[in-house]
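Novice: Next input, structure requested:
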Amino acid sequence: MIVATSVLLITASAGAADDAHDYPTHEVVEYVFDCMQQNGGENLDNLYKCSCSMDYIAAKMTHDEFVTADTFLRGQSATGERAGILREGPVAESSRDNYESILSAAAKSCYLPDPAEEEDD
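Specialist: Residues are numbered from 1 along each chain as shown. Presented below is the predicted three-dimensional model:
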């Protein structure tokens, strides 16, 4: 509960961001909780690191770009013929590559494990 309240307070006090890079609060909270889950659970250290990561991403991508890239990244392992649009093609690949690069830079900037390095293990 403390972490959830902290996430909401951080996002509420984030200041007036450029409208193009202003993400809906639920999207920020969802990303931060997912990030914390992937990095050892809900604690203040992860809260700050994951919030930092979301801020980094928001500074580099509009919300629409983020949603598109995240969809292509999550859909990369989808099976079936219709899911091919998420796995293949120049738009999917370039969107995924750009997003993975931003995620890697965000991880480095915010002291999180690099997701690209974890895949190589």
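Novice: buried stuff in the longest helix belonging to the chain?
Specialist: When the chain is parsed with DSSP state H, its longest helix is helix 90-109. For helix 90-109, a neighbour-count test (16 or more other C-beta atoms under 10 Å) marks Ala92, Ser95, Arg96, Tyr99, Glu100, Ile102, Leu103, Ala106, Ala107 as buried. (Glycine included, C-beta is placed from N, CA and C.)
Novice: how near is the third one to Thr25?
Specialist: Spelled out, that is Arg96. Counting by C-beta to C-beta, to the nearest Å, the separation of Arg96 from Thr25 is 26 Å.
Novice: circling back: who are the packing partners of the longest helix of the chain?
Specialist: Helices and strands touching helix 90-109, by 3 or more C-beta pairs under 8 Å, 6 or more residues apart in numbering; DSSP states H and E, are helix 44-60, helix 63-74, helix 115-120.
Novice: export the ones you listed to JSON lines and tack on mean pLDDT, mean neighbour count and distance to Tyr31?
Specialist: Putting the helices and strands packed on helix 90-109 into JSON lines (pLDDT from 0 to 100; neighbours: other C-beta atoms under 10 Å; distance: least, C-beta to C-beta, whole Å) gives the following:
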{"stretch": "helix 44-60", "mean pLDDT": "98", "mean neighbour count": "19", "distance to Tyr31": "5"}
{"stretch": "helix 63-74", "mean pLDDT": "92", "mean neighbour count": "16", "distance to Tyr31": "9"}
{"stretch": "helix 115-120", "mean pLDDT": "74", "mean neighbour count": "10", "distance to Tyr31": "13"}
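Novice: name the element Asp34 belongs to?
Specialist: Assigned by DSSP states H and E, Asp34 falls within helix 25-38.
Novice: list the contacts for Val91?
Specialist: Phe72 (C-beta atoms under 8 Å, 6 or more residues apart in numbering).
Novice: one more time with 6 Å
Specialist: Val91 sits next to no residue when contact means C-beta atoms under 6 Å, 6 or more residues apart in numbering.
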